[in-house]
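J.: Dropping the sequence and predicted coords here.
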Amino acid sequence: MSPPPDTRMSALVVVVPEAEPAVGRWRALLDPSAGRGMPAHITVLYPFAPATMVSDALVARATETVGRCEAFEFSLVSTGWFDDRVVYLAPEPVEPFLALTAAITSAFPEFPPTGAFADPVPHLTLGRGRDTGRLREAGQDVQSQLPVRSTVREVSLMIRGRDTGLWGTRARLLLRE
């Protein structure tokens with residue numbers, strides 16, 4: 001019997017280290033990706049390319065694409081919900097995040113947004129799951145620590161390890177200053 005195909009995917013994300021003091025404890029409890037090494041972030045595109053397709057040439061194309069976008073400031077200003085299963089922090093303005101996603105999907109039509117992510121809503125996931133009470137507690141706690149301000153200067157290309165299941169940074173793609 002042959003092994004199952006490698007279904008690891010990559011992700012393009014904006015890491016938001018300034019949010020860690022407010023969200024780190026809650027993400028560790030309520031966001032499984034935090035335990036797999038994914039830092040607090042706003043997704044630009046997930047899934048992106050299958051990990052086996054992430055070559056130096058693909059990284060160069062992505063670097064060139066992101067480099068045409070201008071660095072920008074934003075603030076995490078409020079909490080929001082996807083149904084009652086995901087609590088997140090909403091950035092303002094959202095337009096630069098949407099422009100990054102549009103630039104990437106235009107340059108990489110072979111990797112379109114899919115499924116629940118086909119119409120992206122820029123957000124930083126605080127927690128997800130079935131314990132709505134705990135998610136509400138997290139949202140209320142973090143809301144009292146907002147706004148969190150940050151500047152986007154790069155997009156991280158992350159890949160989840162085949163053996164470990166942990167996320168790691170493959171490349172940092174710089175925006176134009």
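T.: Arrived safely, thanks for sending. These numbers were taken from a predicted model, which means no experiment stands behind them. Numbers count the residues shown, from 1 in each chain.

J.: so where's the longest strand in the protein?
T.: In the chain, with assignment by DSSP state E, the single longest strand is strand 72-82.

J.: List the strands paired with that one, with their directions.
T.: Strand partners for strand 72-82, identified by DSSP bridges, are recorded as strand 86-92 (antiparallel), strand 148-152 (antiparallel).

J.: State the distance from the residue nearest in space to the middle of the chain to Arg136.
T.: Nearest to the mean C-alpha position of the chain, by Cα atoms, centre = their mean, lies Thr43 at 2.5 Å. Plainly put, Thr43 is 23 Å away from Arg136 if you go by Cβ to Cβ, to the nearest Å. C-betas here are computed from N, CA, C, even on glycine.

J.: cool, Thr65 as well?
T.: In this structure, Thr65 and Arg136 are 38 Å apart, going by Cβ to Cβ.

J.: and the two? which has more neighbours close in?
T.: Thr65 (19 against 15; other Cβ atoms under 10 Å).

J.: what's the pLDDT at the closest residue to Pro47 other than its chain neighbours?
T.: For Pro47, ignoring the flanking residues on the chain, the nearest one in space by Cβ to Cβ, 6 or more residues apart in numbering is Met9 at 3.7 Å. What the model reports for Met9 is a pLDDT of 89.

J.: before we move on, what about Gly165?
T.: The per-residue pLDDT of Gly165 was computed as 87.

J.: could you list every residue that touches it?
T.: Contact analysis of Gly165 by Cβ atoms under 8 Å, 6 or more residues apart in numbering lists Arg36.

J.: How many residues are close by Asp141?
T.: By other Cβ under 10 Å, the residues close to Asp141 number 15.

J.: Distance of it relative to Pro93?
T.: Distance of Asp141 to Pro93, computed by Cβ to Cβ: 25 Å.

J.: for Gln140, same thing?
T.: From Gln140 across to Pro93, the span is 25 Å (Cβ to Cβ).

J.: just to revisit the earlier point, take the strands paired with strand 72-82 and lay them out in a markdown table including distance to Glu177 and mean neighbour count.
T.: Converted to a markdown table, the strands paired with strand 72-82 look like this (distance: least, Cβ to Cβ, whole Å; neighbours: other Cβ atoms under 10 Å):
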| stretch | distance to Glu177 | mean neighbour count |
| --- | --- | --- |
| strand 86-92 | 20 | 22 |
| strand 148-152 | 10 | 17 |
